[in-house]
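A.B. asks: Take this sequence and fold it.
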Amino acid sequence: MCVKAMQLVTDRLCLTNPEWQSKELVGEAELWKKSGILRATKRYTTVDCDCDEQLHQAEVMEFERDGKTKYMAFCSLTGGAREVKEEELIGYTFQPAKVAELFHTLLKCRDDVEVIIPGRLWKMGRTGVPIAGRSRDLYFTPRLNDDPQDIYAELPEAKTPLLIVGSSRYSKCPENPYSDNRIVSLDTVLMIQNDQWAIDMAWLEQLANDAPDEEPEPVDKGSRPDTTEAIKKVLTEHIRSAYSYYCDQLDKGNGRKLLPPPTMAWIGTQVGKDRTTVSRIIEPKADGRKARYIEVHALWKACNDIDLLTQYGQSRWGNKTRRY
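C.D. replies: This next block holds a predicted model:
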């Protein structure tokens, strides 16, 4: 990750109307433009003057030369002039909806991105990737510096949702219903790897780790709590084995391979229940947002999806291969 590029964006988001000049967006910062998160929406008529006098702006004039449009900056103090490249006149502004869409994709969120407060708060849906053992509702706000109570008022009072904050600094609020592990700064979890966006899942897991007094997920009246926990254990152990096998196959040069997913009948044998009971708890065809046992459902999905499984494996047990 390019720390300077990340800080260039997140630090400036603390301002009310942040802008970025083209000359600042170089190196890995180019990915912010390519992703549409920083979009060219400004057209400047002045530029920083390069004379040796006091810091000031120079007016830019447009003219034609050899059939092409050219630009000249004129210094009002010295009368000097210099040619200006067109990109110097372009300013970029932050597009928060693009960040919401990015997290929606990276964390495989269900449902569509929803605008809660125009320009201020978005809901990305429930994550398809378990975070600290749970599928969670995810929200994004570019900044919390002004009137944070307006943002908090729109957030659910449940303990599992996460709020991603774009700015590197934000204000606390007495009415804040979220503890520190429910609010995550963008610059702590978003990174660039091999010229692509990625989430630091290991750090996100640590940040979102449930407090000791976290309320347990509700248990369906038709099944015992210990059965649900037993199924969780079986699925987790399968993921551990499948992830080790996946890493081993990569090391041997055999490509991305996955162990066959467990069947309902086999899981039932492991926990001493019939297939119907197991299916009712896992709810394999349920939307994750509506599943009664969200964590169990998310683990089942990971057993059947190589991308979910490897993301979960890396977040829980680290990188076990030399090639991946």
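A.B. asks: Report the buried residues of whatever helix or strand residue 239 lives in.
C.D. replies: Secondary structure from DSSP states H and E places residue 239 in helix 225-251. Across helix 225-251, burial judged by 16 or more other Cβ atoms under 10 Å covers 227-228, 230-232, 234-236, 238-239, 242-243, 246-247, 249-250. Where C-beta positions appear, they are placed from N, C-alpha and C, glycine not excepted.
A.B. asks: Next secondary structure after that helix?
C.D. replies: Going down the chain from helix 225-251, the next helix or strand is helix 264-271, by DSSP H and E.
A.B. asks: Not counting sequence-adjacent ones, nearest residue to residue 314?
C.D. replies: residue 201 (6.2 Å; Cβ to Cβ, 6 or more residues apart in numbering).
A.B. asks: Run a quick neighbour tally on the one you found.
C.D. replies: Residue 201: 20 surrounding residues under other Cβ atoms under 10 Å.
A.B. asks: Let me see the confidence value for it.
C.D. replies: pLDDT for residue 201: 85.
A.B. asks: Who are the contact partners of it?
C.D. replies: Residue 201 is in contact with 129, 131, 311, 314, 315, counting by Cβ atoms under 8 Å, 6 or more residues apart in numbering.
A.B. asks: Pull out the buried residues from the residues you listed.
C.D. replies: Listed as buried from these are 129, 131, 311, 314, 315; burial here means 16+ other Cβ under 10 Å.
A.B. asks: Out of those, name the two that are farthest from one another.
C.D. replies: Greatest spatial distance in the buried ones among the contacts of residue 201: 131 and 314, 12.9 Å, computed using Cβ to Cβ.
A.B. asks: From residue 262, how far out is the closest residue to residue 299 other than its chain neighbours?
C.D. replies: Distances taken as Cβ to Cβ, 6+ apart put residue 235 closest to residue 299, at 4.0 Å, once the chain neighbours are dropped. Here the criterion is Cβ to Cβ, to the nearest Å. By it, residue 235 lies 7 Å from residue 262.
A.B. asks: Residue 296 too?
C.D. replies: Using Cβ to Cβ, residue 296 is found at 13 Å from residue 262.
A.B. asks: Common neighbours of those two, please.
C.D. replies: Common neighbours of residue 296 and residue 262, using Cβ under 8 Å, 6+ apart, are residue 235.
A.B. asks: for the stretch 151-300 of the chain, which spans come out with low pLDDT?
C.D. replies: The stretch 151-300 of the chain contains residues with pLDDT under 70 at 171-181, 209-225, 288-289.
A.B. asks: Centroid-nearest residue for the chain?
C.D. replies: What sits nearest the mean C-alpha location of the chain, by Cα atoms, centre = their mean, is residue 103, with 3.5 Å.
A.B. asks: so what's that one up against?
C.D. replies: Counting by Cβ under 8 Å, 6+ apart, residue 103 has contacts 109, 124, 138, 140, 164, 199.
A.B. asks: Ok, residue 54 next?
C.D. replies: Residue 54 makes contact with residue 77, according to Cβ under 8 Å, 6+ apart.
A.B. asks: what is in contact with residue 235 and residue 262 at once?
C.D. replies: Both residue 235 and residue 262 are in contact with residue 303, where contact means Cβ under 8 Å, 6+ apart.
A.B. asks: Quick one: distance of stretch 14-28 to the chain centre.
C.D. replies: Between the centre of stretch 14-28 and the centre of its chain there are 20 Å (Cα atoms, centre = their mean, to the nearest Å).
A.B. asks: which other residues reach it?
C.D. replies: 1-2, 5, 8-9, 12, 32-33, 38, 40, 42, 87-88, 90-94, 143, 145-146, 167-169, 192, 195.
A.B. asks: List buried residues within those.
C.D. replies: Among these, those classed as buried by 16+ other Cβ under 10 Å are 5, 8-9, 12, 32, 38, 88, 90, 92, 94, 143, 167-168, 192.
A.B. asks: Which of the residues you listed fall in helices?
C.D. replies: Residues of the buried ones among the contacts of stretch 14-28 located in helices (DSSP state H): 5, 8, 9, 12, 32.
A.B. asks: Rebuild those as a markdown table, extending it with distance to residue 75 and pLDDT.
C.D. replies: Below are those laid out as a markdown table (distance: Cβ to Cβ, whole Å; pLDDT from 0 to 100):
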| residue | distance to residue 75 | pLDDT |
| --- | --- | --- |
| 5 | 31 | 76 |
| 8 | 28 | 84 |
| 9 | 31 | 89 |
| 12 | 27 | 89 |
| 32 | 32 | 92 |
